[in-house]
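Participant: I'll drop the sequence and a predicted model, then ask my questions.
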Number of protein chains: 2
Amino acid sequence: MSLIVQKYGGSSVADAESIKRVAKRIIATRKAGNDVVVAVSAMGDSTDELMDLAHEVSPIPDQRELDMLLSSGERISVALLAMAIKSMGYDARSFSGPQAGMRTDTHHGSARIVEVDPVRLRSALDEGAIVIVAGFQGLSLDTADITTLGRGGSDTTAVALAAALKADVCEIYTDVDGVFTSDPRVVPLARKIDRITAEEMLELAANGAKVLYIRAVEFARRHGVTLHVRSSFSNNEGTLVYNPKEGDEMEQPIVTGVATDLSEAKITVVGVPDVPGKAAQIFSLIAKTEANVDMIVQNVSAASTGLTDISFTLPKSEAQLVLTALRADQEAIGFVSVQHDDQIGKLALVGAGMKANTGVSAKLFQSLSDAGINIEMISTSEIRISVVTRADSVNEAARVVHSVFGLDNDIEATVYAGTGR
Amino acid sequence: MSLIVQKYGGSSVADAESIKRVAKRIIATRKAGNDVVVAVSAMGDSTDELMDLAHEVSPIPDQRELDMLLSSGERISVALLAMAIKSMGYDARSFSGPQAGMRTDTHHGSARIVEVDPVRLRSALDEGAIVIVAGFQGLSLDTADITTLGRGGSDTTAVALAAALKADVCEIYTDVDGVFTSDPRVVPLARKIDRITAEEMLELAANGAKVLYIRAVEFARRHGVTLHVRSSFSNNEGTLVYNPKEGDEMEQPIVTGVATDLSEAKITVVGVPDVPGKAAQIFSLIAKTEANVDMIVQNVSAASTGLTDISFTLPKSEAQLVLTALRADQEAIGFVSVQHDDQIGKLALVGAGMKANTGVSAKLFQSLSDAGINIEMISTSEIRISVVTRADSVNEAARVVHSVFGLDNDIEATVYAGTGR
C-alpha cells in the first residue's frame, strides 16, 4: 500500500460542484489501494474576499489577526471536502494546520515550518480514514498563535506532510497539465515536461515559472520528496519532479525549459571606487531593506578611472526602498550616481545537462544576436543561464531560444486562464 | 478596575461598519478604566451561508466536519474585530474557542462546556490587551476536535468566560433594549424590565422569551454571574439579571413578566389504567425518543372506569416521533387511544414574588375567564404559572394578563425586527 499526498489549489475547490469532483478523485485514489493525505487551499477567491474585509476595518491590518482571519478559509474548504467524501461512503477527517502538527516560527504572514508532528494524521490513517489537512497554516511554536505560510503555502504544506509521513509521492493538482518547457502564453509551441529534476525545477521556479512555488520545490529537494504536478481537470500524467540518484544525470537532455520574468527592475550603481569592501558595503546596506536581490553583475573597472559599475535586479516593488537607501549613503560609499530601469525582462535557460555540455552559453547568445535582441546582463549557475533584455524583447527571445534548443512541440499548447494559490 | 465581559451577536457585527461601531463601544468601556473580554458571534448570516454550502456537498453533513466548518465563522469576526480595535490605537488580541481554553464534551453540534482554562486570556489582560474570544466553540477534551455549543452558544461562551474570570458583569449586547415584561410584538404595552432574578429569567426563557438562551441563564445562575442585557444600538441601560442574596426577595414585585410560546404541541394518552407504574412506563418510552417534554398533567381517574388521561406538551417537531413510539407500545401499556393537538398556545406568568403571595393563580384564571378564554392545561412552579389555551387565543390572553397584573407601560414599545444568534 502506497501513501499518496495530494494538494488541491483554490480553483480546484472553488464551489460545491468542484469540491464533489475533487472528492471523487480522492476516493478513486483510495480505491486504488492507497492511503491518502490531502492538503487543500481556501475556496476560489475567498482569501481575496477576506482580505478586502480586513482592509475595510483597518487600513493596515495587524499581521497576527490577519493570520487568524485568513486561516479560516482553509478550515471551510477542508470541512466541506471531508463531509463530501463521507457522504460518498468513505471515512474522511479534516484537520486544521495546528491539529495536523504543522509547527512554525512566529513570522506572521510568511511563517517557516519548523517541524511537523503528524501523530493525529497517522492515527487517522491507521483507522482507515482519508486525511484532509488545511493548507497554508500552522501554529507558532513560541506563541501558540495561528500562522500562515505566505505565497505557495498550500504547496509547502503538502510537501512538508509528504516528507514527515514519508509519502511515496506528493501530487500537486493545479489547473494546467504539468510543468511546461516555457509559459504557453508566451511560447505557443511549449510542451509539457514528463520528468524534471528538483534542481532544474528550482531554477525554473526562481526565474518566473509560476506552476510551483520555489519554497515548496526547495523543501521537496531538501527532503527527497518526489512531486507529481498534474491537472485536477483531467486524468493525464503530469510532470514528475524527482531527486536524481548518482548516474541519473547521464540521461538528462541538455536543456529542460525556458522561463521568463517581467517582474524585476534593474538598479545600477555607477562609478563605485574599485577598492576592497565597496560591494560588501553596498549589499549590506541593501540587506537592511530586506529587498530580494536576484542577479548581481559587476564589470571590470576602467583602468583610467579606478571606478566600476555594479548592477543588480530585484522585484520592481522593492526598487524605491533600495534607491532611497542608496542615495542616503551615497557620500559614505562614494559612488557617482544610481540608475533605475524598470523596463527589463529576464530570460533563464535551465537544464541539468548543461553541466556536462560546453557551448550552451555561446549558442544562447548567438541565437539572441541573430534575432537582433540585445543582452544587458548575464548570470550563470551550473544548470542555468540568465540574461536580461529589454522588457518588450523577452517574449520574442523566449520563442527564439525555445526553438533553437529543440524544445518546440509539434502543436500549440492549450492555454488555461488563471492559477490557484 | 473592573473586569467586564461583553457579548455581541451576529447582527451587531454583520458588516465592516458594524464591526467598527462595536470596536468603538469596546474601546469606550476600556477607556472607562475596565479590563474587557469580548465574546463574538459569526457575522450576520454567515453561519446560514456555511450551512447552505454544507448541504450542497452533503445531504446529511457529518457533525464533526460541520463543527470545523461553522467554527470558522467566529474566527473571521474575532480577527476583524481585533484588527479594527488595533487600528484605533488600542491593543487587542483574538482567540479561538480552543485557544481561550473552552473545553467541552464531544457532543458535536451541541457540546457542553466541561471546563474553562483561561490562562492565555489572563496573560493577555495582564499585558493590557482587550481580549476577543470566538463564541459558540470549544475543543473536545477527549478527542481534541473542534466542537460547537449549539443554539445560544455565544451567550454561553460569554457567561462561562465571566464565571471563569470572575468578571464583575457579563453584558449581553443584542438588538433589543433588554428583557421585556412580554414580547412587544404580542403585547404592545410591554415595558423593559430593569432588574430580574436569574431564576425568573430562567422561567421566562424556558417559556418562550427569546432574548436570552436558557442554557446561558442556567450557567449564569449556577455560577453567580450577573448579566446585563442591553442594546448594541444605544447607550441605554438594559436589564440586569442578578442572583439575589437572602432577603432581596422582599423587594420583588409579585409578577415580573408574561411569556407566550406557540412552538409546542399537546399529546394526550387517553384511558391509561390507573395502576402504579403506568406513568413511568409511558415517560420512559418517551425519554428513549429524546423528546423534550415540557408540561405534564394527569387528572384524577374516573372511579367508574379506573382509567385516567395523561397530557403533555413538547416541541411540535418532536410530536410525530413520540406518537409513533406510543402507538408501537399501546398494547403493552394498555391505554385506549392517543390524541395529538398542534393548535395550542402556552402562556407563562413569572414572578419571584409569587412565592409569598397567595391568590395569584386565582387572579390569573379569573382574568382569562372574564376574557372568554378557555384554559386546557395548568402547571405551576414556585415562581411560575403556565396555562395552555387554543393557539389563536394566547396573544389576547397575554395582553389581558399583562394588563390585569399591572405590567402595562404608558406607551407602546418600539419593535425591532429579527434577533442575533
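Facilitator: Nice, thanks for sending it over. No experiment lies behind these values; they were computed from the predicted model shown.
Participant: could you find the closest non-adjacent residue to residue A:220?
Facilitator: Setting aside the residues directly before and after it, residue A:220 is nearest to residue A:159 in space (C-beta to C-beta, 6 or more residues apart in numbering or on different chains), at 4.8 Å. In this view, the C-beta of every residue, glycine as well, is placed from N, C-alpha and C.
Participant: got the contact list for the one you found?
Facilitator: Residues near residue A:159 by C-beta atoms under 8 Å, 6 or more residues apart in numbering or on different chains: A:5, A:170, A:216, A:219-220, A:223, A:225, A:227.
Participant: residues touching residue A:121, list them.
Facilitator: For residue A:121, the contact set (C-beta under 8 Å, 6+ apart) comprises A:37, A:95, A:100-101, A:131, A:133, A:161, A:165.
Participant: let's go with 10 Å and repeat that
Facilitator: Contact partners of residue A:121, counting by C-beta atoms under 10 Å, 6 or more residues apart in numbering or on different chains, are A:37, A:93, A:95, A:99-101, A:129, A:131-133, A:161, A:164-165.
Participant: which one (most neighbours) among those residues?
Facilitator: For the contacts of residue A:121, the largest number of neighbours (other C-beta atoms under 10 Å in any protein chain shown) sits with residue A:132, at 33 neighbours.
Participant: and the helix or strand hosting that one, does that touch chain B?
Facilitator: Per DSSP states H and E, residue A:132 falls inside strand A:130-134. Yes - Strand A:130-134 reaches chain B (C-beta under 10 Å from any C-beta of the partner chain) through A:132, A:134.
Participant: same for that strand, what does it pack against?
Facilitator: Under the contact definition 3 or more C-beta pairs under 10 Å, 6 or more residues apart in numbering or on different chains; DSSP states H and E, strand A:130-134 sits against strand A:3-8, helix A:16-31, strand A:35-40, helix A:63-87, strand A:92-95, helix A:119-126, helix A:153-164, helix B:63-87.
Participant: now render these as CSV, adding distance to residue B:293 and mean pLDDT.
Facilitator: Converted to CSV, the helices and strands packed on strand A:130-134 look like this (distance: least, C-beta to C-beta, whole Å; pLDDT from 0 to 100):
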stretch, distance to residue B:293, mean pLDDT
strand A:3-8, 48, 97
helix A:16-31, 39, 97
strand A:35-40, 44, 98
helix A:63-87, 32, 97
strand A:92-95, 36, 98
helix A:119-126, 39, 97
helix A:153-164, 49, 96
helix B:63-87, 24, 97
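Participant: redo these as JSON lines? Include distance to residue B:371.
Facilitator: Converted to JSON lines, those look like this (distance: least, C-beta to C-beta, whole Å):
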{"stretch": "strand A:3-8", "distance to residue B:371": "65"}
{"stretch": "helix A:16-31", "distance to residue B:371": "53"}
{"stretch": "strand A:35-40", "distance to residue B:371": "62"}
{"stretch": "helix A:63-87", "distance to residue B:371": "52"}
{"stretch": "strand A:92-95", "distance to residue B:371": "57"}
{"stretch": "helix A:119-126", "distance to residue B:371": "63"}
{"stretch": "helix A:153-164", "distance to residue B:371": "66"}
{"stretch": "helix B:63-87", "distance to residue B:371": "45"}
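Participant: closest one to residue A:143 among these?
Facilitator: Checking these against residue A:143 by C-beta to C-beta gives helix A:63-87 as the closest, at 8.5 Å.
Participant: okay, the angle between that closest one and helix A:153-164?
Facilitator: 70 degrees (axes from the mean of the first three to the mean of the last three C-alpha atoms, to 10 degrees).
Participant: between helix A:63-87 and strand A:35-40, how many degrees?
Facilitator: 140 degrees.
Participant: low-confidence ranges, the stretch 151-300 of chain A, go.
Facilitator: For the stretch 151-300 of chain A, the stretches flagged by pLDDT under 70 are A:246-252.
Participant: strands of that one, residue ranges please.
Facilitator: Taking DSSP state E, counting those that start in this stretch, the strands of the stretch 151-300 of chain A run over residues A:169-174, A:195-197, A:227-231, A:239-242, A:257-261, A:264-273, A:296-298.
Participant: and the second one, what does it pack against?
Facilitator: Helices and strands touching strand A:195-197, by 3+ C-beta pairs under 10 Å, 6+ apart, are helix A:198-206, strand A:239-242.
Participant: can you put the ones you listed in JSON lines and add mean neighbour count and distance to chain B?
Facilitator: Shown next, in JSON lines, are the helices and strands packed on strand A:195-197 (neighbours: other C-beta atoms under 10 Å in any protein chain shown; distance: least, C-beta to the nearest C-beta, whole Å):
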{"stretch": "helix A:198-206", "mean neighbour count": "24", "distance to chain B": "31"}
{"stretch": "strand A:239-242", "mean neighbour count": "23", "distance to chain B": "30"}
